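A.B. asks: Sequence and predicted structure below; questions after.
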Amino acid sequence: EAQVTQNPRYLITVTGKKLTVTCSQNMNHEYMSWYRQDPGLGLRQIYYSMNVEVTDKGDVPEGYKVSRKEKRNFPLILESPSPNQTSLYFCASSLSPGGPPLHFGNGTRLTVT
Amino acid sequence: AQSVTQLGSHVSVSEGALVLLRCNYSSSVPPYLFWYVQYPNQGLQLLLKYTTGATLVKGINGFEAEFKKSETSFHLTKPSAHMSDAAEYFCAVSVPNFGNEKLTFGTGTRLTIIP
């Protein structure tokens, strides 16, 4: 089954404690992207990757890092989480390099206290 | 830069009634337009998309949308609402951008179906 898998689904952490949210897709997609969803703001892009070792900032990259060492994986790293990063996070992938995301993961709900 | 405005953060319709979710866009070049649906505790699923060609686009689950350039609109409709249509709906726009056709999302419309 074609899918984008995020882990964990729920995460509660404290300010400053480094965390990683994993994302993996099994569709051999080149383009992957991270979004955060906040009430009243819709989805905003954090980072994207057009291929292995190629990443770039989206609209709200501050406080986040990503890496793309393998085509299937695109982890999101929060080196020092803060409460304003409490949000619902989505990973997405697309067959077309640079194309709109068509496949989303089920989300990771992060709470930073 | 492109943008999307969804009119109405909450819409309620009776089961069997017409569903109309409004979306207006702003773009300096011909846009690509999308509607996504998000069911509780799930990611977004693509409902339909407009890129070029026919302006009336049909999607999954009986939904359709019409691209109206003169009105800069891409409203989503369904003739007869079903209880299973209760979800949040997002309109999104992208434009050609040399390899990163980034999607810009609207703020979403939560659709409630009244039995």
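C.D. replies: Great, that's in hand. Residues are numbered from 1 along each chain as shown, chains lettered A, B, ... in the order given.
A.B. asks: give the contact list for residue 71.
C.D. replies: With no chain named, the answer covers chain A. A:28-30, A:51-52 (C-beta atoms under 8 Å, 6 or more residues apart in numbering or on different chains). C-beta here means a position set from N, CA and C on the backbone, and glycine is covered the same way.
A.B. asks: that's the wrong chain, I meant chain B
C.D. replies: Applying C-beta under 8 Å, 6+ apart to B:Glu71 gives the contacts B:Asn24.
A.B. asks: Tell me what the closest residue to chain B within chain A is bridged to.
C.D. replies: Chain B sits closest to A:Phe104 of chain A, with a gap of 3.3 Å, by C-beta to the nearest C-beta. On the basis of DSSP bridges, A:Phe104 is bridged to A:Ala92.
A.B. asks: go on, B:Arg22?
C.D. replies: Per DSSP bridges, the residues bridged to B:Arg22 are B:Leu7.
A.B. asks: In terms of pLDDT, where does it sit?
C.D. replies: Per-residue pLDDT puts B:Arg22 at 98.
A.B. asks: So what's the residue count around it?
C.D. replies: Using other C-beta atoms under 10 Å in any protein chain shown, the number of residues around B:Arg22 comes to 17.
A.B. asks: Report the separation between it and chain A.
C.D. replies: Using C-beta to the nearest C-beta, to the nearest Å, we find B:Arg22 at a distance of 15 Å from chain A.
A.B. asks: My read is that that residue contacts B:Leu7, right?
C.D. replies: Yes: with contact defined as C-beta atoms under 8 Å, B:Arg22 counts as touching B:Leu7 (4.0 Å).
A.B. asks: where does chain B have its least confident helix or strand?
C.D. replies: strand B:104-105 (a mean of 90; mean pLDDT, DSSP states H and E).
A.B. asks: partner strands of that one, parallel or antiparallel?
C.D. replies: The strands beside strand B:104-105 in its sheet (DSSP bridges) come out as strand B:87-94 (antiparallel).
A.B. asks: Identify the residues contacting the strand it pairs with?
C.D. replies: For strand B:87-94, using C-beta under 8 Å, 6+ apart, the contacting residues are A:42-43, A:100, B:2-4, B:6, B:21, B:23, B:25, B:27, B:31-40, B:44, B:47, B:74, B:76, B:101-106, B:108-111.
A.B. asks: ok, the contacts of A:Lys71 vs B:Met83, which is closest?
C.D. replies: A:His29 (33.5 Å; C-beta to C-beta).
A.B. asks: Show me what A:Asn51 is bridged to.
C.D. replies: Beta bridges link A:Asn51 to A:Val54, judged by DSSP bridges.
A.B. asks: Now do the contacts for residue 106.
C.D. replies: Picking chain A for this. Contacts of A:Asn106 by C-beta under 8 Å, 6+ apart are A:6, A:9, B:41-43.
A.B. asks: think we crossed wires, I meant chain B
C.D. replies: Counted by C-beta under 8 Å, 6+ apart, B:Gly106 has contacts A:42, B:4-6, B:23, B:90-92.
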